[in-house]
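Peer 1: missing the sequence, but the structure's below:
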């Protein structure tokens, strides 16, 4: 676990608890995602490294973010700036999204297939994953022709490799041992 994740967790938890209390999870998710992207900007990185005072950093950051942040989002930035933690915003956003998905009982699953899957196949995969994980599943699909055939599904820590390439790799490992 990185130091930034450890730093980010209390800020994300505070923002999450506040968002749940106010019923504004989606709005906070958008604000934090936007603020995290601003922090990743090269120019903003230079400004954060320049040694400006916390109130000046907050002022710059809020002017860049504009209407994207409400007063509570601006207050979070102010607290983070006072503590020298603005660089942790991408990790705060990630932690917040994790808490949000846990709260909503949702998970994103990446489905990589050798060919484009039709709607019936996607529905079947989604239903099976929802049963197995006891969560609402959002599928992100991509095509990788090197799989030869089959699919690889990743959802959190779960990896289901039902591709021909995966089967050949497992057979090779078995034969070599």
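Peer 2: Happy to help now that I have it. Nothing here was measured: the structure is a model prediction, and the numbers come from that model.
Peer 1: helices or strands up against the helix ranked longest in the chain?
Peer 2: Determined from DSSP state H, the single longest helix within the chain is helix 3-22. Applying 3 or more CB pairs under 8 Å, 6 or more residues apart in numbering; DSSP states H and E, we find helix 3-22 packed against helix 25-40, helix 71-82, helix 89-104. Every C-beta, even on glycine, is put in place using the N, C-alpha and C of the backbone.
Peer 1: among those, which is nearest residue 14?
Peer 2: helix 71-82 (7.7 Å; CB to CB).
Peer 1: possible to save the helices and strands packed on helix 3-22 as CSV with distance to residue 50?
Peer 2: Output for the helices and strands packed on helix 3-22, formatted as CSV (distance: least, CB to CB, whole Å):
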stretch, distance to residue 50
helix 25-40, 14
helix 71-82, 13
helix 89-104, 17
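Peer 1: residues in contact with the residue nearest to the spatial centre of the chain?
Peer 2: Compute the mean C-alpha point of the chain, and by CA atoms, centre = their mean the closest residue is residue 94, 4.5 Å away. With CB atoms under 8 Å, 6 or more residues apart in numbering as the criterion, the residues that contact residue 94 are 5, 8, 12, 36.
Peer 1: closest to residue 76 among those residues?
Peer 2: Ranked by distance to residue 76 (CB to CB), those are led by residue 12 at 10.0 Å.
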